[in-house]
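S.K.: Structure, please.
(2 chains)
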Protein chains: 2
Amino acid sequence: MTSMSPRDSAREGREQPGARLASDGAGAADASSQADRTARITWSLLAEPSDDAAHSTCTVHGVREGLEILARGDLDAVEHALRVLPVHDPSAPRAQRTDRRAAAAAALSRWRERDGRIDAQAALDRAVGLGMRVIVPGDDQWPTGLEDLGPAAPFCLWAHGPGDPGRLADDRAIAMVGSRASTPYGEDCASSMAAQLAAEGSTVLSGGAYGIDAAAHRGALAAGGPTIAVLAGGLDRLYPRGNDQLLRAIRERHVLLSEAPPGTAPTRWRFLARNRVIAALARVVVVVEAAWRSGALSTARHAGTLEPPRTVAAVPGPITSAASAGCHRLVRDAQAVLVTEAQEIRELLPGSAPAGDSSFAQQDELDFLDPADRRVLDAVPPRSRITIDRLASEVGRRESEVMAALGRLDALGHVSITGQRVGRR
Amino acid sequence: MTSMSPRDSAREGREQPGARLASDGAGAADASSQADRTARITWSLLAEPSDDAAHSTCTVHGVREGLEILARGDLDAVEHALRVLPVHDPSAPRAQRTDRRAAAAAALSRWRERDGRIDAQAALDRAVGLGMRVIVPGDDQWPTGLEDLGPAAPFCLWAHGPGDPGRLADDRAIAMVGSRASTPYGEDCASSMAAQLAAEGSTVLSGGAYGIDAAAHRGALAAGGPTIAVLAGGLDRLYPRGNDQLLRAIRERHVLLSEAPPGTAPTRWRFLARNRVIAALARVVVVVEAAWRSGALSTARHAGTLEPPRTVAAVPGPITSAASAGCHRLVRDAQAVLVTEAQEIRELLPGSAPAGDSSFAQQDELDFLDPADRRVLDAVPPRSRITIDRLASEVGRRESEVMAALGRLDALGHVSITGQRVGRR
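M.R.: Numbering: from 1, shown residues only, chains lettered A, B, ... in the order given. Down below sits the predicted model:
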């Protein structure tokens, strides 16, 4: 299943899985927190990321009690959880939101079905053997932004690589997502913006997919900045295959994340659920190119439903490009701020002051002229000289007014006056 | 000064200037309205379009009394007008807005200077001889939208061509403006949108300039729809020269307008003042391409200051294109609505219902599937068959649930079930 090179294996062979597990988190793990960790790993094997009932049950009753509920088939407990804590996950099946008793029964049944086939310890051992680790709430490496998902927060994160997600997913973290079917234009935008943002210390988060995702990761890597790929499937499968080199580079220098355990196939609904994690790990979500209907738009939607919501930004493109239609739609629907450069994205980060004056500084110095003086200057022909009375007549002002204006323009180096004639300098 | 071909002269020779002047407007002009018309023509020769003091004086005292005030050098009357009716024209010189007495004196002085050199009747006769006409408030052909400029409304409009501005500048009129330094992308956008809008009965207004203006006019002409060019200089000078053919075509089939009398040079400040007329004649102002600092942005600014304000729309483009920077700026500053097609522009016209459902109709029918069913479908491999128990395990649902989903998917024609295996259809 894994496609690691001998070199990767050698590198990972240096790690000490046991010590690593114990030392992850705030320090020596006590028995209770260790049991909690095991329960979370179990739940990540039992339930899909978008399993409302699993998240509600574990939030209301706790992850360990959730396993007890499963073990004794406690329908009431699951139904109770669904009643007090309905999870508003837009990707959740509609049926679960309507018939609570049936949903609870279905949930118990599907967990039970997987329960017979999973072995949390074996899965963990195998992952650790591959060089991965598991991060759970309370660990130093647990990104606090995930808490904003509320009950929909992942049970745990599977991580692979030296990067510390808790530190990298900070107040400057930016998600950059977009179409797999991207254009060279969109890829250039993504990689150059990602490079600038990463160079200034922002972690660039994306999904590791073809197109915009890959361009964003590549831009960040090229700038030597941090980047995190959040995958939809298990970290033992670097998907898509064509991005194998890229994902290995991220794994080597930064970190790959997934809420799905190794062995999980990257399927469509897992991509959609994964997008909520990308949104939660970032402070701003930038959509670079997205077709009218695009998975990237689901990331933007998730960003808006988080509490506090993440700011969504969209990069415009030619209206003739289907790859930009989703971005334009987000802006038209006021779901995204239009951005045209890295600086405008940075300004959306919490605590950033808009650099409103930068554009002002770009203005032509002629803009600072009094409009009346500007008119006089405009009426002076560029390549010949004009008499002052003719100039006065042309601008419809008195000669004395025009002379005063010419004096100021002369002082600023715009015109030269010789006798009764004036010309440009 | 004029550059008309013999053919143009012949066409215009058919017209009867005298009869035309008398029959313009609501019917037989009485002596009072005829005197008013002459006074307005005189003011259009005396004062620049952006002359605050002239507009205030004429609005407060009337155009004929305004000429009396000038004749007797009545400083108090001008100052009074400036006090009771300050004109908030952003292109007006700053000085005029501060020192009212000095501004009044300067105004009288500059009007007096021109007064000695103009001859309204001669200017009118000459214009009529060229086939032009003058339109003043109260005439049928006076576009009512100009009233929304308040005191800054033009004294009169000089018109050339068979089109009736009063009828053409109606509730569906759309201004399309943009950079002279346009790109092929922007020109394509402008001409194709203009063609669609004109084909559906909207008059496309623009400034006759190179670039976006010309593309908009051409698109409208190509669709056989109405288009008006509002020029900054006199209509005897078809400026810019390179658009001579285009402007002649508009003059032949529709109409050219200017508030400046024949003989007026098109200078920078007249372009800026002209932009307010374009905005006032339209209901929506579309900026197709505009650099960060562009005259087209002044049209957009004017549109926002009108009462009622005109809706401004901006067409996005590549962020790598300087020609789109002004459009992106308008959208970012919430001064313009982002538009990507003619239909979205039409929806901004007064009384238009947004065709919100059109996008919905474009959605994939798969969107209407229950998300749970959609998951099952997604897990069915595209080119092979899968057993139902494997499918149930893959989606993490009970076999009975999966069978129910497959039944629905089968009914909708998405899958085919044979025995215990299922495949895509």
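
S.K.: now the strands for the stretch 151-300 of chain A?
M.R.: Counting by DSSP state E, counting those that start in this stretch, the stretch 151-300 of chain A has strands at residues A:157-160, A:174-177, A:204-206, A:227-230, A:255-258, A:284-287.

S.K.: average model confidence for the fifth one?
M.R.: Mean pLDDT, computed over strand A:255-258, is 98.

S.K.: which helices and strands does that strand pack with?
M.R.: strand A:157-160, helix A:165-168, strand A:227-230, helix A:268-281 (3 or more Cβ pairs under 8 Å, 6 or more residues apart in numbering or on different chains; DSSP states H and E). Where you see a C-beta, it was placed from the backbone N, CA and C, and this is true even at glycine.

S.K.: do the same with the third one
M.R.: Applying 3+ Cβ pairs under 8 Å, 6+ apart, one finds that strand A:204-206 contacts strand A:174-177, helix A:184-199, helix A:212-222, strand A:227-230, helix A:268-281.

S.K.: same question, the fourth one
M.R.: Packing contacts for strand A:227-230, counted by 3+ Cβ pairs under 8 Å, 6+ apart, involve strand A:204-206, helix A:212-222, helix A:244-253, strand A:255-258, helix A:268-281.

S.K.: on that earlier part again, got a markdown table for the helices and strands packed on strand A:204-206, with mean pLDDT and mean neighbour count too?
M.R.: Listed next are these as a markdown table, based on pLDDT from 0 to 100; neighbours: other Cβ atoms under 10 Å in any protein chain shown:
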| stretch | mean pLDDT | mean neighbour count |
| --- | --- | --- |
| strand A:174-177 | 97 | 32 |
| helix A:184-199 | 97 | 23 |
| helix A:212-222 | 98 | 26 |
| strand A:227-230 | 98 | 28 |
| helix A:268-281 | 91 | 25 |
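
S.K.: Using TSV, please lay out the ones you listed together with distance to residue B:42.
M.R.: Shown next, in TSV, are the helices and strands packed on strand A:204-206 (distance: least, Cβ to Cβ, whole Å):
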stretch	distance to residue B:42
strand A:174-177	62
helix A:184-199	55
helix A:212-222	63
strand A:227-230	70
helix A:268-281	66
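
S.K.: residues in contact with the spatially closest residue to residue A:324 that is not a sequence neighbour?
M.R.: Spatially, and ignoring its direct neighbours in sequence, residue A:324 is nearest to residue A:317 (3.1 Å; Cβ to Cβ, 6 or more residues apart in numbering or on different chains). By Cβ atoms under 8 Å, 6 or more residues apart in numbering or on different chains, the contact list for residue A:317 reads A:183, A:185-186, A:189, A:289, A:323-324, A:327-328, B:316-319.

S.K.: Could you do residue A:151 as well?
M.R.: Contacts of residue A:151 by Cβ under 8 Å, 6+ apart are A:55-56, A:59, A:85, A:87.

S.K.: For the residue most central in space within chain A, name its beta-bridge partners.
M.R.: Nearest to the geometric centre of chain A sits residue A:175, at 1.5 Å (Cα atoms, centre = their mean). As for beta bridges, residue A:175 partners with residue A:205, residue A:285 under DSSP bridges.

S.K.: Now do it against residue A:233, distance only.
M.R.: Distance of residue A:175 to residue A:233, computed by Cβ to Cβ, to the nearest Å: 19 Å.

S.K.: Please apply the same query to residue A:52.
M.R.: For residue A:52, the distance to residue A:233 - Cβ to Cβ - is 21 Å.

S.K.: cool, residue A:347 as well?
M.R.: For residue A:347 relative to residue A:233 (Cβ to Cβ), the value is 35 Å.

S.K.: Kindly report the same for residue A:103.
M.R.: In terms of Cβ to Cβ, residue A:103 sits 26 Å off from residue A:233.

S.K.: Near chain B, which residues of the stretch 151-300 of chain A are found?
M.R.: A:185, A:188-189, A:265, A:267-269, A:292-293 (Cβ under 8 Å from any Cβ of the partner chain).

S.K.: one more time with 7 Å
M.R.: A:185, A:189, A:267-269, A:292-293 (Cβ under 7 Å from any Cβ of the partner chain).
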